[in-house]
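Peer 1: Model the structure of this input:
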Amino acid sequence: MTVTTSTTTALTLDAVSYQVGSHRIIENVSLDVNYGEVLALVGPNGAGKSTALGLLAGDLKPTAGEVSLDDRPLARWEAKELARTRAVLLQANQVAFSFTAQDVIDMGRAPWIGTPQADQDDAAIAQAVAVTDVAHLQQRSFPTLSGGEKARVSLARVLAQRTRIVMLDEPTAALDLRHQEEVLRIAREIARQGQAVIIVLHDLSLAAAYADTIAILHHGKLAACGTPGQVLTAERVQEIYGTAVRIIPDPDTGRPVVLPRRQA
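Peer 2: From the prediction side, this is the model:
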């Protein structure tokens, strides 16, 4: 899927805050997400990463500020139109009934029912299954899958949806080393095709290896945003995460690798 758009900016947070009761989870965050790029949202536990993703997805409404998609306020997008524009992979890969993995992947095509794009269903599903390496899981009951298998099947659903914006909330959390790398390579490849990709990650080295832009959230505020080399300094990481680190260049890519300093 190659995306052609009239603008380079996919999504914008403009002075956005989100509050529940007296607790402000996101405070005055402004951020652009561009087509053709991978944006990694990182930060300590409780920093507001998943909330920021929910605001960008339109699943949460800001209590202040505005979220725009393709220069149109997100509040003015209809639900079906939004489902054809952005796909979201949440942390919890759960379904209410004993669907097969194939059933879950097929759900990714639901927004296109009754449209000319429905003709692409078989091809989109086959491509998503191949890319995520889940062909051997298709007839398995989804609840019986391991956490990592569920994550890959859920990613296949998102890819089958064929949207120009893809949002992934901690997609590598339950995966082994090989599949972590594969998921991030998939994200990198679809960004090359012109899609905007937003990924919530905990692993700073993974974020540095695959993201064009890293946005660090801390206590609900945007602490830094820029290229991995600009954002991931030892001083900043220590200040935000409260632990000493060493930043070294990856010998293959030159991108930052974040290593905790440990005593012998």
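Peer 1: The longest helix seen in the chain packs against which elements?
Peer 2: Counting by DSSP state H, the longest helix found in the chain is helix 177-192. On a contact count with 3 or more Cβ pairs under 8 Å, 6 or more residues apart in numbering; DSSP states H and E, helix 177-192 meets strand 38-42, helix 121-132, helix 147-160, strand 165-169, strand 196-200, helix 204-210. Every residue, glycine included, has its C-beta placed from N, CA and C.
Peer 1: what mean pLDDT would you report for the first one?
Peer 2: What it means is strand 38-42. Average pLDDT, strand 38-42: 98.
Peer 1: just the fifth one next, same as before
Peer 2: Summarised as a single mean, pLDDT over strand 196-200 is 98.
Peer 1: now stretch 62-77
Peer 2: Rounded mean pLDDT across stretch 62-77 is 96.
Peer 1: List the buried residues in it.
Peer 2: Pro62, Gly65, Val67, Ser68, Leu69, Asp70, Leu74, Trp77 (16 or more other Cβ atoms under 10 Å).
Peer 1: just to revisit the earlier point, and of the helices and strands packed on helix 177-192, who's closest to Phe97?
Peer 2: Among the helices and strands packed on helix 177-192, the nearest to Phe97 by Cβ to Cβ is helix 147-160 (14.4 Å).
Peer 1: buried residues in the closest one?
Peer 2: Within helix 147-160, the residues scored as buried using 16+ other Cβ under 10 Å are 148-160.
Peer 1: Next, report how far that helix is displaced from the centre of its chain.
Peer 2: Centre-to-centre, helix 147-160 and its host chain are 13 Å apart (Cα atoms, centre = their mean, to the nearest Å).
Peer 1: and if you look at stretch 188-207?
Peer 2: 7 Å.
Peer 1: What's the end-to-end length of that stretch?
Peer 2: For stretch 188-207, the first-to-last residue distance is 11 Å (Cα to Cα, to the nearest Å).
Peer 1: And for stretch 136-152?
Peer 2: End-to-end distance for stretch 136-152: 12 Å, by Cα to Cα.
Peer 1: Residues in contact with that stretch: which ones?
Peer 2: Residues outside stretch 136-152 that contact it (Cβ atoms under 8 Å, 6 or more residues apart in numbering): 93, 95, 98-105, 129, 132-134, 153, 171-176, 179, 183.
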